[in-house]
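# have a look at this fold, sequence not included:
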């Protein structure tokens with residue numbers, strides 16, 4: 001096990017409060033969520049710790065934001081947990097780790113988001129900057145197939161694809177504004193606005 005993960009587990013066994021917050025209102029769960037939690041080919045132990053914390057401490061307050069107003073779900077979906085390009089990963093696992101997770105992104109995303117759902121994530125809650133989680137996905141730099149999958153998931157959880165953010169922009173308009181040349185993603189957001197929703201696992 002990578003040393004930082006082992007240290008966290010040792011602290012929990014010694015009686016540390018898993019709900020403790022730092023000066024910015026972040027719990028351990030916020031830090032894990034903001035650390036490429038859905039990265040593929042690694043981070044298996046990181047996700048196991050995340051699921052463990054959900055079970056022992058956060059099932060009743062998974063939607064509590066940090067001081068910046070960001071929830072765990074928002075941190076995970078905001079460009080795959082990489083909001084600060086200059087940030088060094090807190091819980092990075094070596095590329096040579098024997099427990100690398102070789103599953104594809106679809107399985108990893110489903111596992112993480114379903115764990116959040118089981119913990120009571122409020123998918124329709126307003127995000128820190130206004131709008132909803134679909135607006136977060138719309139501006140992401142991830143592969144468009146992954147963005148399409150996540151968009152379908154969120155709409156099936158009750159998010160309105162036509163809902164505007166604080167500036168009056170829908171998710172589709174945001175995606176087109178960023179000009180990431182993800183044309184199939186733009187088409188998908190247009191279909192979602194029309195209520196044409198396919199199962200997210202397809």
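In hand now; what should we look at? From a predicted model like this one, the values you see are computed outputs, not experimental measurements.

# nearest residue to the middle of the chain?
A centroid search over the chain (C-alpha atoms, centre = their mean) returns residue 76, at 1.9 Å, as the residue closest to the centre.

# what's the first helix or strand after the strand or helix carrying residue 12?
Using DSSP states H and E, residue 12 sits in helix 3-13. With elements assigned by DSSP H and E, the helix or strand that comes after helix 3-13 is helix 28-33.

# now do the helix or strand just after that next one, average pLDDT.
Next in sequence after helix 28-33, counting helices and strands by DSSP H and E, comes helix 44-56. Average pLDDT, helix 44-56: 87.

# buried residues in helix 44-56?
Buried residues in helix 44-56, counted by 16 or more other C-beta atoms under 10 Å: 44-47, 49-50, 53-54. Any C-beta I mention is one placed from the backbone N, CA and C, and that applies to glycine too.

# what do you get for stretch 121-135?
Buried residues in stretch 121-135 (16+ other C-beta under 10 Å): 121, 123, 127, 131-135.

# wait, what's in contact with the residue nearest to the centre of the chain?
Going by C-beta atoms under 8 Å, 6 or more residues apart in numbering, residue 76 touches 33-34, 37-38, 112-113, 116.

# same deal with residue 69?
Taking C-beta under 8 Å, 6+ apart, one finds 127-129 in contact with residue 69.

# sorry, back to before: now the residue nearest to the centre of the chain: how far from residue 30?
Applying C-beta to C-beta, to the nearest Å, the value for residue 76 to residue 30 is 10 Å.

# residue 75 now?
Distance from residue 75 to residue 30, by C-beta to C-beta: 6 Å.

# the two - which one has more neighbours?
residue 75 (27 against 22; other C-beta atoms under 10 Å).

# using the three-state scheme, assign that one.
helix (DSSP: H, G, I helix; E, B strand; the rest coil).

# and it, how far is that from residue 119?
From residue 75 to residue 119 the distance is 14 Å (C-beta to C-beta).

# again, but for residue 194
For residue 194 relative to residue 119 (C-beta to C-beta), the value is 31 Å.

# repeat for residue 147
When residue 147 is compared with residue 119 (using C-beta to C-beta), they lie 23 Å apart.

# pretty sure residue 169 sits against residue 177.
Yes: at 7.4 Å, residue 169 counts as touching residue 177 under the criterion of C-beta atoms under 8 Å.

# in terms of neighbours, single out the busier of those two.
residue 169 (17 against 11).

# return the helix or strand in this protein with minimum mean pLDDT.
Least confident helix or strand, the chain: helix 3-13 with a mean of 72, by mean pLDDT, DSSP states H and E.

# poorly predicted segments of this structure, please.
Applying pLDDT under 70 to the chain flags residues 1-6, 57-60, 80-102, 199-202.

# domain map for it?
If you go by the TED database, the domain ranges for the chain are 1-79, 122-196.

# next one: the last one to chain centre, how far?
Domain 122-196 has its C-alpha centroid displaced from the chain centroid by 14 Å (C-alpha atoms, centre = their mean, to the nearest Å).
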